[in-house]
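Trainee: Return a 3D structure for these sequence lines:
(chains A and B)
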Protein chains: 2
Amino acid sequence: MPSLTATQASALEIYDTTLRDGAQAEDVSFSVEDKLRVAQQLDELGVHFIEGGWPGANPKDIEFFRMVKTIPFKNATIVAFGSTRKASNSVRKDKNLQELLASGTPTITLFGKSWSFQVTDALGIALAKNLELIEDSIHYLRSKDRRVFYDAEHFFDGYKANPDYALQTIRRAIAGGAERVILCDTNGGTMPWEIREICRIVKQECPVPLGIHAHNDSEMAVANSLVAVESGILQVQGTINGIGERCGNANLCSIIPNLQLKMQRPALGNKLTHLKDVSGFVTEIANLMPNKRQPYVGDAAFAHKGGVHIHAVLKNAATYEHIDPAAVGNRRRILVSDYAGRSGLLEKVEAYGISLSKNHAKLQELVETLKERESQGYQFEGAEGSFELLMRKAMGSHRPSFQLLGFRVIVEKKQEHGLLLSEATVMVKVGEVVEHTAAVGAGPVNALDHALRKALEKFYPQLREVKLLDYKVRVLSADKGTESKVRVLIESGDHKDKWGTVGVSENIMEASWQALADSIEYKLLLADR
Amino acid sequence: MPSLTATQASALEIYDTTLRDGAQAEDVSFSVEDKLRVAQQLDELGVHFIEGGWPGANPKDIEFFRMVKTIPFKNATIVAFGSTRKASNSVRKDKNLQELLASGTPTITLFGKSWSFQVTDALGIALAKNLELIEDSIHYLRSKDRRVFYDAEHFFDGYKANPDYALQTIRRAIAGGAERVILCDTNGGTMPWEIREICRIVKQECPVPLGIHAHNDSEMAVANSLVAVESGILQVQGTINGIGERCGNANLCSIIPNLQLKMQRPALGNKLTHLKDVSGFVTEIANLMPNKRQPYVGDAAFAHKGGVHIHAVLKNAATYEHIDPAAVGNRRRILVSDYAGRSGLLEKVEAYGISLSKNHAKLQELVETLKERESQGYQFEGAEGSFELLMRKAMGSHRPSFQLLGFRVIVEKKQEHGLLLSEATVMVKVGEVVEHTAAVGAGPVNALDHALRKALEKFYPQLREVKLLDYKVRVLSADKGTESKVRVLIESGDHKDKWGTVGVSENIMEASWQALADSIEYKLLLADR
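Mentor: You can find the predicted model right below:
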């Protein structure tokens, strides 16, 4: 076995548990197919270990381990996770250990109890018995030719309560044949200076390389992981975006760039620029709201809103950016708001090829128009299509492609469990020609979308290329029940561009209409270029 | 002036900048009224200083400082924020300094540049000139009888690049009369061990108490703030929920409980139990999505999903909770999911007064029903009303209060800028009586809500008490444009209860219908108790 010092000098081990601990997050539920797709992305990213699931606790995970064998991985080793045997079972009769072996992974992570209180209160067994379970469970897996990593659950709480017993559990895991001992801050309540001190002591005691598994209940998981690395730990466990039980696990999307860019500890080879993509992929698959304020990979991580900041960043980005956003696959954004003032708006307007001098007579008018819209609840971050149309209208340089004469949307349900019919009629005028048509859809907005395109495609065949990629609804004022204002954001795309548009109204159909109409106008504007 | 050691021994200073730095977050925009309400909440919570705004940069903030004078505060001192004078202005002619004086606050926080690169590149002035601006700006405010706190912007980056110059800026601030020197990690890129080392050095150099102002770009803001406290710093600056420019500021909602519960450093008196309420209030006023995974105050911070965790927590909460949730005004939640298994479901069902033994024949059926609904996109966290109805239906113990014969919703718009008409008709049967009625509303869901109540109030007058408190729409699968599935969550309440209900469909009207119908059924169920 390599000595800790030798391995540490080379590189760290990144151990991802998004598919196991991450799946224990509220609102997260991965299908087997989801898990396979995420595993492939993690492999691409270059992580060293992927904890795929707990076959003894979830039938879904048994299926995952069966399927994952057929996939060739370039960088990652797939790991199965499980617990030490039950006190009442022999190793051979323990369902959990047998499922771990059946999963067929050459590496297994086994967790056991290191906190005496957990042994007596949660497991309800004698302290000596627990030591036995740890050693013989690991020993048994080793005898079946598996590598074993030992997760010392609640290690830091255990060490604080009963250091001798906590250390004994580790010694017995090593005696059983564990190749790594992972110190877990399972409840996430430990402070960085405690982590530092306890890691230091354990490192002196422990002949095998150590790992850290931190939770974020005190908002310390990233700091605790890196403090552990500073204290000489080899393996860092965490999840993409920090998803996990309660407040989540240590966030690999912050840990990895901190290691590579701040501590010069290479962790991923040259794949750091994929980080934002992988983060977005997991958010999407887990069907979570993206956290735009997420460090490094969030959409707001390099977004500048304060006037002073914008002014300085446009001169030299290092003034208000701690790293180059491109290093993690992110990008700079200049936000438009009453904080940004004229220099922000100018930058934004110029990006659309509209040239305006700093003293242009229209500039103040544009700022005013924008402020008024924002106060009504419009938001142009993510709705660049509507922003450009608004600017062009305010400048007097926009010529509308069609005129709405009217629409009607009908949703009808007959009987308690009957199917719904959603139908829309649209009447538009293009030049001097009036077109009146109708369509159905999966819902009222879908029907309106269909009817509008049907009416316009005759005049503008290029609209056939347009696809609606995303439709988001946000209730703006939550205190008025069904009378609240809603904001609809639509993302559209064709074979080469993507654009966002926005609508706001108390009526969701009107808000959707505005965003749909803008999407079509914007496509026609693009086609003119 | 009290010595640092003396003040440190007593208590820390909590300095909130939600209303200034927090307002620079993307998507956040506070009205003057919002700011006044947030200031009152912060005062109730017990923070020592509230940075209200930057009067020299925002006309809105001038109005805030005018209005805030009329409010009596119990704990907090209101502070105005601004920059050192412009190099081209004398102190008397500097608009920014004059606005600070005009704001009338007895305490002013003035920021200046401590990083030589910022002086030469962002300000474009000589290094010596910047030292002059710092000293004479502070001196001038002191001559007008103001207390001055000095924010040393980019201090840590500055110290790493040019320690002598960074220390000189502080010396000159103190020479000018600054009572506190706040070390700012403005770009959020500094690691905790750097913070520790630099704070230690500066503390030796600096005769006035120090403060820390950290940003979260490396996910280190909370750790950095507490490491600074460990190094003897007196004042901690941050924002509620950590909102702020880019990835945000240091999160006071994590810092304060860490100080009080983990470090035994009292910061707020006895108001810690208000923390979750204040966090929720700011989220609401800022109109942001609540972050349920937020440490301490998030809805998921003490939510248990893994079967092992649930089993143990029900025996003894300390097994998987680092603190008592009530200490910060939060509560434990047991989630229902395929991870929770039978013990979680039993706990949940029993909370509704439905008694079921662990071996009840229906238990597996309930678990299956729930799993099926969850796989369709239903989510019962926050929709306890729908959960209870679902359980009662599966148990065969629910008697519906009405039967839907049909509804129709029509939204009509005539002309491009015409008003919309939203109308709904509803036909229901109660016992043997058929009621057919129609109503209008602000939008289609509102119209349907009105029509349904109108039809049923005749039979169930207690429905008049029900108010719709919140209406949320979430698009579930974002990749199908307007054909996506949506989930509608409705919160309703009467004079004594609140309940949530849920609906899922590709058709927003159907999803809304399900949630509305459940809300009414649930109210009638409550009334029966």
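Trainee: quick one: is stretch A:519-529 near chain B?
Mentor: No. Stretch A:519-529 is not in contact with chain B by CB under 8 Å from any CB of the partner chain; minimum separation 10.0 Å. From N, CA and C alone the C-beta is placed, and that goes for glycine too.
Trainee: Name the residue of the stretch 51-200 of chain A that lies nearest to chain B.
Mentor: Nearest to chain B in the stretch 51-200 of chain A, going by CB to the nearest CB, is residue A:189, at a distance of 2.8 Å.
Trainee: ok, that residue - contacts?
Mentor: Shown in contact with residue A:189 (CB atoms under 8 Å, 6 or more residues apart in numbering or on different chains): A:157, A:217-218, B:262, B:322-323.
Trainee: Model confidence for it, exactly?
Mentor: Listed pLDDT for residue A:189 reads 97.
Trainee: which SS state does it fall under?
Mentor: Assigned by DSSP: H, G, I helix; E, B strand; the rest coil, the conformation of residue A:189 is coil.
Trainee: Would you double-check that residue A:473 falls in a strand?
Mentor: Yes. Per three-state DSSP, residue A:473 lies within a strand segment.
Trainee: Near residue A:102, how many other residues are there?
Mentor: By other CB atoms under 10 Å in any protein chain shown, 14 other residues sit near residue A:102.
Trainee: right, is stretch A:449-463 up against chain B?
Mentor: Yes. Stretch A:449-463 lies within reach of chain B by CB under 8 Å from any CB, at residue A:449.
Trainee: ends of that stretch, how far apart?
Mentor: 12 Å (CA to CA, to the nearest Å).
Trainee: what mean pLDDT does the helix or strand hosting residue A:60 have?
Mentor: Element membership for residue A:60, per DSSP states H and E: helix A:59-68. The predicted model gives helix A:59-68 an average pLDDT of 92.
Trainee: Just after that helix, pick out the following helix or strand.
Mentor: Of the helices and strands lying after helix A:59-68 in sequence (DSSP H and E), the nearest is strand A:77-83.
Trainee: Report the distance from that following strand to the chain centre.
Mentor: Taking CA atoms, centre = their mean, to the nearest Å, one finds the center of strand A:77-83 at 23 Å from the center of the full chain.
Trainee: ok, and what's touching the very next helix or strand once past that strand?
Mentor: Proceeding N to C from strand A:77-83, the next assigned helix or strand is helix A:95-103, under DSSP H and E. By CB under 8 Å, 6+ apart, the residues outside helix A:95-103 that reach it are A:55-57, A:61-62, A:65, A:80, A:82-83, A:85-86, A:89, A:91-92, A:108, A:110, A:137, A:140-141, A:144, A:146.
Trainee: Flag the shaky bits of chain A, pLDDT-wise.
Mentor: Judged by pLDDT under 70, chain A has its weakly predicted residues at A:1-10, A:287, A:336-344, A:348, A:350-359, A:381-382, A:477-483, A:529.
Trainee: which of the contacts of helix A:95-103 count as buried?
Mentor: Buried members of the contacts of helix A:95-103, scored by 16 or more other CB atoms under 10 Å in any protein chain shown, are A:55-57, A:61-62, A:65, A:80, A:82-83, A:85-86, A:91, A:108, A:110, A:137, A:140-141, A:146.
Trainee: which of these come close to chain B?
Mentor: By CB under 8 Å from any CB, the members of these lying near chain B are A:57, A:83.
Trainee: For the residue of the stretch 301-450 of chain A at minimum distance from chain B, which non-adjacent residue is spatially closest?
Mentor: Nearest residue of the stretch 301-450 of chain A to chain B (CB to the nearest CB) works out as residue A:322 at 2.8 Å. Nearest non-adjacent residue to residue A:322, counting by CB to CB, 6 or more residues apart in numbering or on different chains: residue B:189, 2.8 Å away.
Trainee: Top of the contacts of residue A:189 by number of neighbours, please.
Mentor: residue A:218 (30 neighbours).
Trainee: then the longest helix seen in chain A to PDB, C-alphas only?
Mentor: Longest helix in chain A by number of residues (criterion: DSSP state H): helix A:508-528. The C-alpha trace of helix A:508-528 is given here as PDB (Å, rounded to 0.1, in the frame of the first residue of the first chain):
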ATOM      1  CA  ILE A 508     -51.200  34.000 -17.500                       C
ATOM      2  CA  MET A 509     -52.600  33.900 -21.100                       C
ATOM      3  CA  GLU A 510     -51.700  37.600 -21.700                       C
ATOM      4  CA  ALA A 511     -48.200  37.100 -20.200                       C
ATOM      5  CA  SER A 512     -47.700  34.000 -22.400                       C
ATOM      6  CA  TRP A 513     -49.000  35.900 -25.400                       C
ATOM      7  CA  GLN A 514     -46.500  38.700 -24.900                       C
ATOM      8  CA  ALA A 515     -43.600  36.200 -24.700                       C
ATOM      9  CA  LEU A 516     -44.800  34.200 -27.700                       C
ATOM     10  CA  ALA A 517     -45.400  37.300 -29.800                       C
ATOM     11  CA  ASP A 518     -41.900  38.600 -28.900                       C
ATOM     12  CA  SER A 519     -40.400  35.200 -29.700                       C
ATOM     13  CA  ILE A 520     -41.800  35.400 -33.200                       C
ATOM     14  CA  GLU A 521     -40.900  39.000 -33.800                       C
ATOM     15  CA  TYR A 522     -37.400  38.300 -32.700                       C
ATOM     16  CA  LYS A 523     -37.000  35.300 -35.000                       C
ATOM     17  CA  LEU A 524     -38.100  37.500 -37.900                       C
ATOM     18  CA  LEU A 525     -35.600  40.200 -36.800                       C
ATOM     19  CA  LEU A 526     -32.800  37.600 -36.800                       C
ATOM     20  CA  ALA A 527     -33.800  36.400 -40.200                       C
ATOM     21  CA  ASP A 528     -33.500  40.000 -41.600                       C
END
